[in-house]
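# here is the input, now give the coordinates:
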Amino acid sequence: MKQFVEKYIPTVCIVLAMISFWTPLFEVINEYEFTGFDLIRGVDIGYGYVLEKNYAFILLLALPFLGACLLYLIREIKICMVISALLGLVSIISVVALTNYQKYIMGQYMSLQFGFWVMFFFFGCWCITSLIVAIKIIKNQSNELKAPILVEVDKADAFIPQKNIEATKKKHKTKSTIEAKVETEKQELSSIQLLEEDDRTVSIANDLNKQNMIIEILGDGFSKAMKLEKFPCSIGSNKNEDNVYFADCRLSPSHLVLFFEEGQFQVVDNESKNGTQLNGRNIGKTFNSIKMGDILEAGTLKIVIKQVG
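Numbering: from 1, shown residues only. You can find the predicted model right below:
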């Protein structure tokens with residue numbers, strides 16, 4: 001159901017927005033036809049400017065398509081719904097203005113002029129929306145790759161085994177919730193340090209029972225099976241620190257962490273910006289047991305637990 005909504009709802013919202021956008025245009029065309037105006041002459045929109053009708057029609061067609069294409073490109077469902085509702089509301093107002101105002105208040109000339117100014121308001125909405133979306137695409141371009149890449153940070157040369165070592169640095173005194181969890185159980189787990197040339201230290205715990213898990217990561221048009229042997233195992237968008245790295249603008253650094261504790265596998269969301277779901281349910285900040293067949297969702301990824309033990 002969620003896949004269906006994510007796939008088709010943006011398209012439906014865009015179509016509704018474009019229909020509501022064009023409603024005042026058709027009303028103005030009807031006004032022209034009923035009053036016998038020459039379509040080539042255009043309409044005086046005030047301040048000495050005359051809008052040629054064919055140019056107005058081209059403008060009305062071009063801007064909605066531009067905005068719709070940009071919205072569809074990034075599947076921004078919320079933006080689509082907001083713009084659709086906004087255009088629908090203003091469309092109703094403009095239609096009322098083009099009918100009742102003509103009869104009771106403004107008269108024919110002012111009605112047409114008012115209708116065109118309402119449509120210029122539409123132009124502004126679409127231009128601003130398109131600009132915002134374009135800026136967002138450019139901003140996220142550095143985090144997105146043409147082909148998804150998964151990287152396992154598991155280089156033997158990079159790890160220096162030591163027993164009961166707490167990773168500390170004066171410049172990096174803050175600890176994540178993952179490191180705090182590992183330290184409370186340091187009597188049961190051995191620790192290893194990952195030392196990097198840029199003066200950063202990351203502490204990762206390795207379970208003594210050598211448990212492993214096979215997962216399948218599904219993305220947009222790709223899938224990859226992986227075997228995880230070191231726990232805790234962090235999955236996120238930080239190339240330098242996460243055990244499993246994925247370039248996804250909706251994935252947070254250290255988005256979620258997999259643990260093996262008390263004889264069972266567990267998962268926790270590490271305060272990510274978009275949350276983590278287990279079998280369609282948001283897990284929040286609590287530890288949740290996972291088993292074979294469970295499905296985790298983080299960002300645009302689906303992580304299927306294929307085998308444990």
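
# pLDDT below threshold where in the protein?
Within the chain, the segments meeting pLDDT under 70 span 1-210.

# walk me through the domains of it.
Domain assignment for the chain by automatic domain parsing gives 2-143, 150-308.

# quick check: the gap between the residue nearest to residue 285 when sequence neighbours are not counted and residue 263.
The shortest distance from residue 285 to any non-neighbouring residue, by Cβ to Cβ, 6 or more residues apart in numbering, is to residue 269 (6.1 Å). Any C-beta I mention is one placed from the backbone N, CA and C, and that applies to glycine too. Using Cβ to Cβ, to the nearest Å, one obtains 22 Å as the distance from residue 269 to residue 263.

# who has more neighbours, those two?
residue 269 (25 against 7; other Cβ atoms under 10 Å).

# just checking, that one touches residue 284?
Yes. With contact defined as Cβ atoms under 8 Å, residue 269 reaches residue 284; the gap is 6.5 Å.

# who touches both of these two?
Common contact partners of residue 269 and residue 284 (Cβ atoms under 8 Å, 6 or more residues apart in numbering): residue 275.

# pull out the buried residues from the helix or strand harbouring residue 215.
Here residue 215, judged by DSSP states H and E, is contained in strand 213-219. Neighbour counts over strand 213-219 (16 or more other Cβ atoms under 10 Å) mark 213, 215, 217 as buried.

# what's the answer for stretch 298-309, then?
298, 299, 300, 301, 302, 303, 304, 305, 308.

# which residues touch it?
211-220, 225, 235, 237, 246, 248-252, 255-256, 265, 272, 274, 276-277, 290-297.

# just the buried ones among those, please.
Buried residues within these, defined by neighbour count using 16+ other Cβ under 10 Å: 211, 213, 215, 217, 235, 237, 246, 248-249, 251-252, 255-256, 265, 272, 276-277, 290, 294, 296-297.

# residue 238 - that's part of a helix, no?
No. In this structure, residue 238 is coil, not part of a helix, as judged by DSSP: H, G, I helix; E, B strand; the rest coil.

# quick one, what contacts it?
Residue 238 neighbours (Cβ under 8 Å, 6+ apart): 245, 253, 254.

# ok, now residue 237?
143, 245, 246, 247, 248, 249, 251, 252, 253, 255, 299.

# try 6 Å
248, 251, 253 (Cβ atoms under 6 Å, 6 or more residues apart in numbering).

# look up how far residue 255 lies from it.
7 Å.

# likewise residue 308?
Distance from residue 308 to residue 255, by Cβ to Cβ: 20 Å.

# before we move on, what about residue 302?
13 Å.

# closest to residue 231 among the contacts of residue 238?
Relative to residue 231, the closest of these is residue 254; by Cβ to Cβ it sits at 14.0 Å.

# phi and psi next, for the closest one.
phi 50, psi 50 (degrees, to the nearest 10).

# that one - how many residues pack around it?
23.

# now it: how far from residue 222?
Taken as Cβ to Cβ, the span from residue 254 to residue 222 is 22 Å.

# if we look at stretch 282-296, which residues are touching it?
264-269, 275-276, 278-279, 302-305, 307-308.

# which ones among those lie within strands?
264-269, 276, 278, 302-305, 307-308 (DSSP state E).

# can you put these in JSON lines and add distance to residue 230?
Output for those, formatted as JSON lines (distance: Cβ to Cβ, whole Å):
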{"residue": "264", "distance to residue 230": "17"}
{"residue": "265", "distance to residue 230": "13"}
{"residue": "266", "distance to residue 230": "15"}
{"residue": "267", "distance to residue 230": "15"}
{"residue": "268", "distance to residue 230": "16"}
{"residue": "269", "distance to residue 230": "20"}
{"residue": "276", "distance to residue 230": "20"}
{"residue": "278", "distance to residue 230": "21"}
{"residue": "302", "distance to residue 230": "22"}
{"residue": "303", "distance to residue 230": "16"}
{"residue": "304", "distance to residue 230": "20"}
{"residue": "305", "distance to residue 230": "17"}
{"residue": "307", "distance to residue 230": "16"}
{"residue": "308", "distance to residue 230": "15"}
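
# what's the most distant pair in these?
Across these (Cβ to Cβ), the longest gap, 22.8 Å, separates 269 and 307.

# ok, residue 227 - contacts?
Residues in contact with residue 227 (Cβ under 6 Å, 6+ apart) are 212, 214.

# secondary structure element holding it?
Going by DSSP H and E, residue 227 is in strand 222-228.

# pull out the buried positions in that strand.
226, 228.

# and that strand, which strands flank it?
strand 213-219 (antiparallel) (DSSP bridges).

# taking strand 301-308 as reference, get the angle to the strand holding residue 227.
For strand 222-228 against strand 301-308, the angle by axes from the mean of the first three to the mean of the last three Cα atoms, to 10 degrees is 40 degrees.
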